[in-house]
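1. I'd like to go over a predicted model; first the sequence, then the structure.
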Amino acid sequence: MTVEPARSVPSLSVPAPRSTAEPPAAPAPPPGPVPPGGRAAWLAWSIGVSVYILAVIHRTSLGVAGLDAADRFGIGASALSTFSILQVLVYAAMQIPVGLLVDRFGPRRVLLLGVLLLSAGQLAFAFSSAFGPALASRAVLGCGDAMTFISVLRIAARWFPAARNPFVAQLTGLAGMGGNLVTTVVLARALHSEGWTPTFAAIALLGVGVFALVALFLQDAPRQDPPVRDALHPQAAHPEAAHPEAAAAPETAAARSKVGRQVLACWREPGTRLGLWIHFTTQFPGNAFGLLWGLPYLVQAQGMSRAGAGGLLTLLVLSNMTFGFVFGRLLSASARARMPIVLSVIAATALGWALVLSWPGGHPPAWLLVGIILVMGSNGPASLVGLDYARARNPAERLGTASGIVNMGGFIGTMITLFGIGVLLDALSPDGAGSYSAAAFRWAFCWQYVPLALGTAMILRLRRKVVAQPG
């Protein structure tokens, strides 16, 4: 899962009053028109989120095809993990450029480009019969995937009032999990009944309808006079009006310098860095499990059938959707819920995996497997809290850039985890992919505690800086 993902230009809620647990409130917005909400807003969001759902289907498609990919391309765990690592690496590397593109050209154009890249990458993957071309196609797919989430949240920020944004942000992640549900239920069955090429080609062709929907019916923002303003700052709805140089055709040295300053300003903000580490620490366990290693672990280490393993992966998606709804409600009610949610999810994930991995014989009972999967369902929704912290501490004209920086975090953590588990599995199983034992998976999955410990330490360190920062 991922909850790319959705498990947010982020929730544009009014920050809570300053306390010892939360950062100071951001400056009050200037008076002026605000996004209207209503049916038109939900329609615009629905069109945008259809692209995100499609992206999650593409992103998680390898999660139910890992064993088939190993057989098709004749590769082991390290090479298999390279598919997801490269896809995630491209996704993470594109976050800042995509944030800048959204701020400059608007989310609609970026979404259209994203659909084209997603479809092209998946179509190439469908017809690949060698490792190299298949790897390149996953990189293209990752590039298209990177353009969806930030764009959808930017649409939500322009169409909905501030008070609705925490809930809409979590709802976006929840909707994305619907795409994951399609993967685990529909795609898994189609893969074994229809075969590799027809299944992945059919997914690629879904992009035709989604592209037409966005091109014909989506508007970046409501049409109003005076122009609609973002919930925090009036110039955010149409940044090119506030900054005419952003619309200039030639790329000048001054414009490039401005981009560099914008990225640097976002990074210097402690709230942005805190958001990145929250996203890093909370998202990667569920992401790594859902994107690649969940099915092999359940089938090869726990002796489950593919149908039973698919059922548990479906439970992971349903849990993610439930937590997304609950966290959205909590965050809409109070920004003070942010850090308790984050720390609770980290603690529950660490404890859950400790119980699973320490179980005698390496075969925990079914109730414990169900429990850890339910806990990992909270990972994606909790990662969106990081985007809330970045939103609260950055002005509206650089929200896309700040969101891109934060959104890198979870996917960097996922990449580190995918790679570490793959290398350890190969090292512990010299006879190759078919010989991965429960003991090998147990020691390989212990790698998760390395990024978990690093991320938790950085969250605690940066949290103090954000609380101490004057408002």
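-> It's in.

2. Now do the helices in the stretch 1-150 of the chain.
-> 38-60, 66-73, 77-93, 95-105, 107-127, 131-146, 149-159 (DSSP state H, counting those that start in this stretch).

3. deepest of the ones you listed, which one?
-> Highest mean neighbour count among the helices of the stretch 1-150 of the chain (mean count of other Cβ atoms under 10 Å): helix 149-159, with a mean of 30. In this view, the C-beta of every residue, glycine as well, is placed from N, C-alpha and C.

4. Now do that helix against helix 77-93, angle only.
-> Counting by axes from the mean of the first three to the mean of the last three Cα atoms, to 10 degrees, helix 149-159 lies at 30 degrees to helix 77-93.

5. so where's the stretch 51-200 of the chain uncertain?
-> For the stretch 51-200 of the chain, not a single residue meets the criterion pLDDT under 70.

6. Include distance to Ala309 when you put the helices of the stretch 1-150 of the chain into JSON lines, please.
-> Formatted as JSON lines, the helices of the stretch 1-150 of the chain follow (distance: least, Cβ to Cβ, whole Å):
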{"stretch": "helix 38-60", "distance to Ala309": "14"}
{"stretch": "helix 66-73", "distance to Ala309": "10"}
{"stretch": "helix 77-93", "distance to Ala309": "16"}
{"stretch": "helix 95-105", "distance to Ala309": "31"}
{"stretch": "helix 107-127", "distance to Ala309": "22"}
{"stretch": "helix 131-146", "distance to Ala309": "22"}
{"stretch": "helix 149-159", "distance to Ala309": "27"}
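
7. closest to Phe411 out of these?
-> Closest approach to Phe411 among the helices of the stretch 1-150 of the chain is made by helix 77-93 (4.2 Å; Cβ to Cβ).

8. what's the closest of the helices of the stretch 1-150 of the chain to Ala439?
-> helix 77-93 (14.6 Å).

9. Number of residues surrounding Ile346?
-> Residues near Ile346, counting by other Cβ atoms under 10 Å, number 21.

10. Helix or strand: which one has it?
-> Ile346 is part of helix 338-357 when elements are defined by DSSP states H and E.

11. Quick check: next helix or strand after that helix?
-> helix 366-376.

12. tell me which residues of that following helix are tucked away?
-> Buried residues in helix 366-376, counted by 16 or more other Cβ atoms under 10 Å: Leu369, Gly371, Ile372, Ile373, Leu374, Val375, Met376.

13. who wins for proximity to Glu397 among the helices of the stretch 1-150 of the chain?
-> Per Cβ to Cβ, nearest to Glu397 of those: helix 95-105, 6.9 Å.

14. and the closest one, what other elements does it pack with?
-> helix 107-127, helix 149-159, helix 239-242, helix 253-268, helix 399-428 (3 or more Cβ pairs under 8 Å, 6 or more residues apart in numbering; DSSP states H and E).

15. Would you mind putting those helices into CSV with distance to Gly38 alongside?
-> As requested, these are exported to CSV (distance: least, Cβ to Cβ, whole Å):
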stretch, distance to Gly38
helix 107-127, 19
helix 149-159, 9
helix 239-242, 24
helix 253-268, 32
helix 399-428, 22
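
16. if we compare these, which one ends up closest to Ala333?
-> So among the helices and strands packed on helix 95-105, helix 149-159 is nearest, using Cβ to Cβ, at 18.5 Å.

17. Out of the helices and strands packed on helix 95-105, the one nearest Tyr297 is which?
-> Among those, helix 399-428 sits nearest to Tyr297 (Cβ to Cβ), with 9.2 Å.

18. who does the closest one touch, helix- and strand-wise?
-> helix 77-93, helix 95-105, helix 149-159, helix 253-268, helix 270-288, helix 379-393, helix 438-445, helix 449-468.

19. from what I can see Trp353 touches Trp447, true?
-> No - counting by Cβ atoms under 8 Å, Trp447 is not a contact partner of Trp353; they are 10.8 Å apart.

20. pLDDT below threshold where in the stretch 351-471 of the chain?
-> For the stretch 351-471 of the chain, counting by pLDDT under 70, the residues that fall below are 431-435, 469-471.

21. do that again at 80, thanks
-> 391, 394, 396-400, 430-436, 467-471 (pLDDT under 80).

22. Now do stretch 320-336, average pLDDT.
-> In this model, stretch 320-336 carries a mean pLDDT of 86.

23. Tell me the buried residues in that stretch?
-> Asn320, Met321, Thr322, Phe323, Gly324, Phe327, Gly328, Leu330, Leu331, Ser332, Ala335.

24. Tabulate the residues you listed (CSV), appending distance to Pro133 and secondary structure.
-> Shown next, in CSV, are the buried residues of stretch 320-336 (distance: Cβ to Cβ, whole Å; DSSP: H, G, I helix; E, B strand; the rest coil):
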residue, distance to Pro133, secondary structure
Asn320, 32, helix
Met321, 35, helix
Thr322, 39, helix
Phe323, 38, helix
Gly324, 36, helix
Phe327, 40, helix
Gly328, 41, helix
Leu330, 46, helix
Leu331, 43, helix
Ser332, 46, helix
Ala335, 47, helix
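
25. now Pro198, what's its secondary structure?
-> helix (DSSP: H, G, I helix; E, B strand; the rest coil).

26. Looking at the residue nearest to Ile459 when sequence neighbours are not counted now. What's its pLDDT?
-> Counting by Cβ to Cβ, 6 or more residues apart in numbering, Ile459 lies nearest to Trp277, which is 5.1 Å off, once chain neighbours are set aside. On the pLDDT scale, Trp277 is placed at 96.

27. ok, now which ones touch Trp277?
-> Neighbour list for Trp277: Gly386, Gly409, Gly455, Met458, Ile459, Leu462 [criterion: Cβ atoms under 8 Å, 6 or more residues apart in numbering].

28. Among the residues you listed, which one has the most neighbours?
-> Gly386 (33 neighbours).

29. Distance of that one relative to Gly413?
-> Separation of Gly386 from Gly413 (Cβ to Cβ, to the nearest Å): 11 Å.
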